[in-house]
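1. could you look at this predicted model? Sequence included:
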Amino acid sequence: MEVKKAVIPVAGMGTRFLPATKSMPKEMLPVIDKPVIHYVVEEAIASGIDDIIFITGRSKRSIEDYFDDSPELESHLRHKKNDKQLKVVQDISSMLDIHYIRQKEPKGLGDAILTAKKHINDEPFAVLLGDDIIVNKKPCTMQLIENFQKYGRSTIAVEEVPPEKTGSYGIVKGKPLEGPIYIIDDIVEKPAPSKAPSNIGAIGRYVFTPEIMDCIERTSEGVGNEIQLTDGIRLLNKEQKVYAYRFTGKRYDTGDKIEYVKAIIDFSLQNEETKEDIKKYISGIL
Ligand code: UTP
């Protein structure tokens, strides 16, 4: 079955990036000349998604503005005969069909995804967290979609995380099936390192059967008094097996300061316009 819809939750508070996120969404932080969310949407499109639902909240208006037409800017660029930048700006607003749903308050990732229930209807869908950039020739979301199509199972992207950081992830207890695939026995939200069943952590990419919505609905508040997606996945896994998939690619959790700076360094070293100057600068300071 084709996966054409994606939910991108961007309603979180971004407390790890305060004070910048006091008035601007962390998803709009730029990596060189594009905001983080632009890379996430590009990954969705490259994976065959043609309908995106953003779950937004207060002070997230700039995300809607970013993907909307900008008549004044366009007429200014037209007037200046700056065709190159005009095309860049126009391409963004014509990227694909985008819908916006407000999460009334940030009650957790599970709650955010549940707000898209009506829009998802009875179709499988992808979830991409708006602050994770993943770089790979075959996009991470496409890897999950292919696995979903092969096995018909909801599939969540995982990677090995440093054992002392299990308290920041949903942690999977699983058995290898074949290649990068694990059958999930259990998944626990943010366990302390001493209680973690492994160091295989769920990262910000998922493909779900529509039944995940009912499972989230039946979930009560969990860690941090939030409705946790992990608890919904746990229920779903009891009713229809969920697979974990060790994706190929490099991930940057740009909601974290160090990871954000790493993303800027790596991207600037690959960007034609910036790479030579940045190389000289870095070797100079080292
Ligand atoms: P995070 O836990 O990374 O986001 O959620 P956060 O709460 O904004 O960040 P910190 O920890 O306070 O710095 C992962 C994703 O889920 C979204 C966030 O916007 C982010 O993209 N999210 C989280 C929601 O949409 N709603 C929520 O209630 C919580």
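-> Cool, got the structure.
2. please enumerate the helices of the chain.
-> Taking DSSP state H as the test, the helices found in the chain are 36-46, 61-67, 71-79, 83-93, 109-114, 117-120, 140-151, 212-217, 229-239, 257-268, 275-285.
3. not counting its neighbours along the chain, what's nearest the closest residue to the ligand within the chain?
-> As assessed by CB to the nearest ligand atom, the ligand sits closest to residue 12 within the chain, at 2.1 Å. Where C-beta positions appear, they are placed from N, C-alpha and C, glycine not excepted. Leaving aside its sequence neighbours, residue 12 sits nearest to residue 106 (CB to CB, 6 or more residues apart in numbering; 5.6 Å).
4. look up phi and psi at that neighbour.
-> Phi and psi for residue 106, reported as degrees, to the nearest 10, are phi -70, psi 80.
5. this protein against the ligand: which residues are in contact?
-> Residues of the chain lying near the ligand by CB under 6 Å from any ligand atom: 9-16, 55, 103, 106-109, 111-112, 129-131, 255.
6. selection in ChimeraX covering whichever of those residues are buried, please.
-> Buried subset of these, written as a ChimeraX selection, criterion 16 or more other CB atoms under 10 Å:
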select :9,10,11,12,13,14,55,103,106,107,108,109,111,112,129,130,131,255
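7. out of the residues of the chain next to the ligand, which sit inside strands?
-> Counted as lying in strands by DSSP state E, out of the residues of the chain next to the ligand, are 9, 55.
8. now the lowest-mean-pLDDT helix or strand in the chain: buried residues?
-> Lowest on mean pLDDT, DSSP states H and E among the helices and strands of the chain sits helix 83-93, with a mean of 82. Judged by neighbour count (16+ other CB under 10 Å), helix 83-93 contains these buried residues: 86, 92.
9. from the middle of its chain, how far away would that helix be?
-> 24 Å (CA atoms, centre = their mean, to the nearest Å).
10. swap in stretch 149-165?
-> The answer for stretch 149-165 is 14 Å, by CA atoms, centre = their mean.
11. rounded mean pLDDT for it, please.
-> Here stretch 149-165 scores 95 as its mean pLDDT.
12. give me the pLDDT for the residue of the chain most remote from its centre.
-> Within the chain, residue 79 marks the point farthest from the mean C-alpha position, 36.9 Å out by CA atoms, centre = their mean. The score at residue 79 is 88. That number is its pLDDT.
13. now swap in residue 146 and tell me
-> For residue 146, pLDDT reads 97.
14. and it, how many neighbours does it have?
-> 16 (other CB atoms under 10 Å).
15. thinking again about what came up before, wouldn't the residue nearest to residue 12 be in contact with residue 10 here?
-> No. Checked against CB atoms under 8 Å, the pair residue 106 and residue 10 is beyond contact range at 10.4 Å.
16. which neighbours do those two have in common?
-> residue 57 (CB atoms under 8 Å, 6 or more residues apart in numbering).
17. list the contacts of the residue nearest to residue 208 when sequence neighbours are not counted.
-> Spatial nearest neighbour of residue 208, excluding adjacent residues (CB to CB, 6+ apart): residue 154 at 4.7 Å. If you count contacts by CB under 8 Å, 6+ apart, residue 154 has them with 124, 148, 206-209, 212, 233, 236, 240, 242-243.
18. change it to 6 Å
-> 208-209, 242 (CB atoms under 6 Å, 6 or more residues apart in numbering).
19. same thing with residue 234?
-> residue 187.
20. gap between it and residue 252?
-> Using CB to CB, to the nearest Å, we find residue 234 at a distance of 27 Å from residue 252.
21. distance of the residue nearest to residue 73 when sequence neighbours are not counted relative to residue 151?
-> Of all residues not flanking residue 73 in the chain, residue 89 sits nearest, at 6.0 Å (CB to CB, 6+ apart). Distance check for residue 89 against residue 151: by CB to CB, it reads 41 Å.
22. neighbouring contacts of stretch 128-135?
-> So stretch 128-135 is contacted by 6, 8, 10, 26-27, 37, 39-40, 44, 140, 204-205, 249-255, 263 (CB under 6 Å, 6+ apart).
23. what pLDDT, on average, does that stretch get?
-> 96.
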